[in-house]
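A.B. asks: Please work out how this folds:
(one chain, ligands or ions: 1)
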Amino acid sequence: MLRALFTLCLLGHFSFAQTIQQCKYRFDNYLNFRGSLNNRVQFQNDVIYILDDKGKKEIAIYANEIELFARFLINNPFSKQEQLIKFKGVKKLSKAKCDSISDKITDKKNKNKYENKLPLSGYRIAIDPGHTAVTLTEALIEQKFLYFRKDSINHPYDTIKIFESSLAFNTAQLLQKMLEEQGAKVLLSRSKENYNSFNCTYSQWVTNHKTRILDSLKNAKVLPVIKYNKFIKQNEHDLFWDFFRDFELTNRAKVMNEFYPHLSVVIHYNVDEKNEPWKQITKKNFTMAFIGGAFTGDNLDKYENKVHFLRLLLTDQLNQSEKLAALTVTNFNKNLEIPIASQFDATYLKDNCLFTGSPGVFSRNLNLCRSVNSPLVYGESLYQDNERECEALMKMDITYKDLNTNDRLLSVAKSYYDAVFKFIKK
Ligand SMILES: [Zn+2]
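C.D. replies: This next block holds a predicted model:
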């Protein structure tokens, strides 16, 4: 008992100065997908090594450098993070060098104490409404929509037509209003329900920006000529999946990170995976949320991912994300009356995710879970193709502060809001 108390005190004391043991905890509980990083990360008494795919030590972080790196990674743009880690390599930094790096860090996430008029004043919250398509033409490319005739005796002509982008955008706007009313500054990663983070639709991007962007990536040698030649000739569908999807997600993270959010909410709506190709209703409905982690060995081959991995390892963002996501899932379960998913309720949960220990919260190495630089919840509140949800989601029969919506989307927004509020106030 005494020992437990002593450990608790130590953990409390070191909540900012992260220790090797705390990093090891995150490695074991969130990051190391079924031991697949055992050959890529080595923990010793006073140092953590990141190894390349040949087993050669590539990066070393010493115990006394952890806090400095955690602060630096949280408070700097990606390009500077990458620069410092490349400069660092395996050498141990001198006290003077550590001090000079430390002096140059501006703590962007310190809350301005003078902004305290409302409960959330001084907090910045980034919201990403997932996806972008709200027309059938674009949705056929993106594949995030439901369109089928409901096979029911009572409603023989009911057509279900739902775009996930619309649901997510509507929820984001509701949540934005709730948070701003309490004084928070809120950023949405895209400004319209049919826009992506480049402030246009995908078709507009193809027409107006594709050639210029591909040319500039080729000229900067970021895009090999062979890939350039392939992308420049591709039809919209193939270009979306081979290039644009990841390119745009990376931009979403960039837009969110430039805002230096204290926390981020990524909004998605799920479907029953067994119901593919989603041309009928399902009886199933589960609620869940994702946070970062679950890296595999080959995920660390790209240098970019090593930088994200180090941030997730050295800072306490994953611990915080688990708390925020757990609060969110509890609210989904209570407010929407949907059961919480266990690891056995979907193949992707069993095959690609690590269970965090908090019901319904899983580590998953999705682009945004990895690259958004703040505690985050990536929510999958409900199954859109559920027999009751699909009808309820089609309605736009209530108004919340000038926004047309329905009671399901409002409950989802309220669930996020209460989770964010409780998380910040704790
Ligand atoms: Zn989605």
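
A.B. asks: and the residue nearest to the spatial centre of the chain, what is it in contact with?
C.D. replies: The centroid of the chain falls nearest to residue 369 when counting by CA atoms, centre = their mean (3.2 Å). Applying CB atoms under 8 Å, 6 or more residues apart in numbering to residue 369 gives the contacts 266, 290, 291, 292, 293, 363, 376, 378. In short, each C-beta sits where N, CA and C put it, glycine included.

A.B. asks: and if you look at residue 24?
C.D. replies: Contacts of residue 24 (CB under 8 Å, 6+ apart): residue 43.

A.B. asks: what's the distance between the helix or strand containing it and the middle of its chain?
C.D. replies: Assigned by DSSP states H and E, residue 24 belongs to helix 20-26. Distance of helix 20-26 from its chain centroid, counting by CA atoms, centre = their mean, to the nearest Å, is 22 Å.

A.B. asks: which parts of it are buried?
C.D. replies: Judged by neighbour count using 16 or more other CB atoms under 10 Å, the buried positions of helix 20-26 are 20, 22, 23, 26.

A.B. asks: since we're on the residue nearest to residue 140 when sequence neighbours are not counted, how many residues are nearby?
C.D. replies: Spatially, and ignoring its direct neighbours in sequence, residue 140 is nearest to residue 237 (7.7 Å; CB to CB, 6 or more residues apart in numbering). Residues lying near residue 237 (other CB atoms under 10 Å) number 12.

A.B. asks: ditto for residue 307
C.D. replies: For residue 307, using other CB under 10 Å, the count is 21.

A.B. asks: if we can go back for a sec, kindly indicate the member of the contacts of residue 369 with the most neighbours.
C.D. replies: Result: residue 291 is most packed of the contacts of residue 369 (other CB under 10 Å), 31 neighbours.

A.B. asks: name the element the residue of the stretch 201-350 of the chain found nearest the ion belongs to?
C.D. replies: The stretch 201-350 of the chain approaches the ion most closely through residue 268 (3.5 Å), counting by CB to the ion. Secondary structure from DSSP H and E places residue 268 in strand 263-270.

A.B. asks: Pairing partners for that strand, with directions?
C.D. replies: strand 124-129 (parallel), strand 376-383 (parallel) (DSSP bridges).

A.B. asks: any idea of the mean pLDDT for that strand?
C.D. replies: Here strand 263-270 scores 98 as its mean pLDDT.

A.B. asks: Check stretch 374-386 too.
C.D. replies: Stretch 374-386 shows a mean pLDDT of 97.

A.B. asks: Grab the nearest non-local neighbour of the residue of the stretch 301-426 of the chain found nearest the ion.
C.D. replies: Closest residue of the stretch 301-426 of the chain to the ion, CB to the ion: residue 380 (7.4 Å). Of all residues not flanking residue 380 in the chain, residue 270 sits nearest, at 4.1 Å (CB to CB, 6+ apart).

A.B. asks: Enumerate every residue touching residue 381.
C.D. replies: Applying CB under 8 Å, 6+ apart, the residues contacting residue 381 are 269, 270, 287, 332, 336, 338, 412, 415.

A.B. asks: Would you check which pair of these lies furthest apart?
C.D. replies: The largest separation in the contacts of residue 381, counting by CB to CB, is between 270 and 415 at 14.4 Å.

A.B. asks: Settle it for me: which of these two has more neighbours?
C.D. replies: Shown here are residue 270 and residue 415; by other CB under 10 Å, residue 415 has more neighbours (25 against 21).

A.B. asks: Pull up the gap between the closest residue to that one other than its chain neighbours and residue 191, please.
C.D. replies: Among residues not flanking residue 415 along the chain, residue 331 sits closest, at 3.6 Å (CB to CB, 6+ apart). Per CB to CB, to the nearest Å, residue 331 is found 27 Å from residue 191.

A.B. asks: Between those two, point out the one with more neighbours.
C.D. replies: Counted by other CB under 10 Å, residue 331 and residue 191 do not tie: residue 331 has more neighbours, with 22 against 11.

A.B. asks: The more buried one and residue 371, how far apart?
C.D. replies: Distance from residue 331 to residue 371, by CB to CB: 26 Å.

A.B. asks: got it, and residue 128?
C.D. replies: Using CB to CB, residue 128 is found at 11 Å from residue 371.

A.B. asks: out of those two, which sits in the more crowded spot?
C.D. replies: When neighbours are counted by other CB under 10 Å, residue 128 and residue 371 differ, and residue 128 comes out ahead with 26 against 21.

A.B. asks: Verify the contact between that one and residue 254 for me.
C.D. replies: No: Residue 128 lies out of contact with residue 254 (CB atoms under 8 Å); the separation is 11.7 Å.
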